[in-house]
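**Student:** Pasting the sequence and the predicted coordinates here, then a few questions.
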Amino acid sequence: MKTGYSGIIFDFNGTLFFDSDKQEESWEIISMRLRGRAFGKQEMQRRMHGRSGKSIFEYLLERDVPDDEVLRLMAEKEEIYRELCLKDRERFHLAPGAVELLDWIKERRIPRTIATASEIVNVTFFIRSFGLERWFDPEKIVYDDGTLPGKPNPDIYLKAARTIGLAPSRCVVVEDAVSGIEAARRAGAGYIVAMDSGATDPAVLARLDGVARVIRSFDDFDRNLLTVGV
């Protein structure tokens, strides 16, 4: 029997789909609208990537933001984001090597899901655009539904592990964001793979607590990490 971890949890934005430039551009537009200035590069790393919409808006507006206002602002921001994605058809595809790895995981019936800070409209957009139901049960995808604190809190990964019936220590997590990696570490993930999608210096990713390996493509993912049966 191969040894390894029993399941895998993927972040989506910047991990299964390299969209950091679209995320950053859409947040830049919103930041200009709300406070008259753009994000700084370091500010964006600390305050945007991997964070929930509510936490970002509260940072930008420097006040508590009620849920109904968050929903309105997020709808505005995500409409901009989706338009940017659809305009760049050449790059509107899953990350390098993702399809092949996901096919391999599915064929071996390895428990898997997605844990994303995206909200339901974007999750639905991704499912339809990329045919994610080919590999994932949409009912098991964990997203920002307003009930969980955002990354770097561990809740989203704790819920994702429960959803596939595993302890976090039995799961591999693949993440690209500093806050997401910290969320996985706090959740007790067994093995954390950092995806170098270009948003964060890979040397910085490699030094983060909990990161076991940094990869640039899913072609580089070590499949021996996963238990595939007898």
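**Tutor:** Yep, that arrived.

**Student:** Okay, helices next: where are they in the protein?
**Tutor:** Ranges of helices in the chain, per DSSP state H, are 20-35, 41-47, 53-61, 67-87, 98-107, 120-130, 155-163, 178-187, 202-207.

**Student:** Deepest-packed of those helices, please.
**Tutor:** helix 178-187 (a mean of 25; mean count of other C-beta atoms under 10 Å). Where C-beta positions appear, they are placed from N, C-alpha and C, glycine not excepted.

**Student:** I'd like to know which elements it is packed against.
**Tutor:** Counting contacts by 3 or more C-beta pairs under 8 Å, 6 or more residues apart in numbering; DSSP states H and E, helix 178-187 packs against helix 155-163, strand 171-175, strand 191-195, helix 202-207.

**Student:** which other residues reach the first one?
**Tutor:** By that I understand helix 155-163. Here helix 155-163 makes contact (C-beta atoms under 8 Å, 6 or more residues apart in numbering) with 7, 9, 113-115, 117, 140, 142, 148-150, 167-168, 170-171, 173, 183-184, 187, 189.

**Student:** So Arg186 sits against Pro149, correct?
**Tutor:** No: the criterion here is C-beta atoms under 8 Å, and Arg186 misses it with Pro149 at 11.1 Å.

**Student:** can you list contacts of the helix or strand bottoming out on mean pLDDT in the chain?
**Tutor:** Every helix and strand in the chain was compared by mean pLDDT, DSSP states H and E; the lowest is helix 41-47, with a mean of 81. With contact meaning C-beta under 8 Å, 6+ apart, helix 41-47 is reached by Glu24, Trp27, Phe39, Ile56, Tyr59, Val178, Ala199, Thr200.
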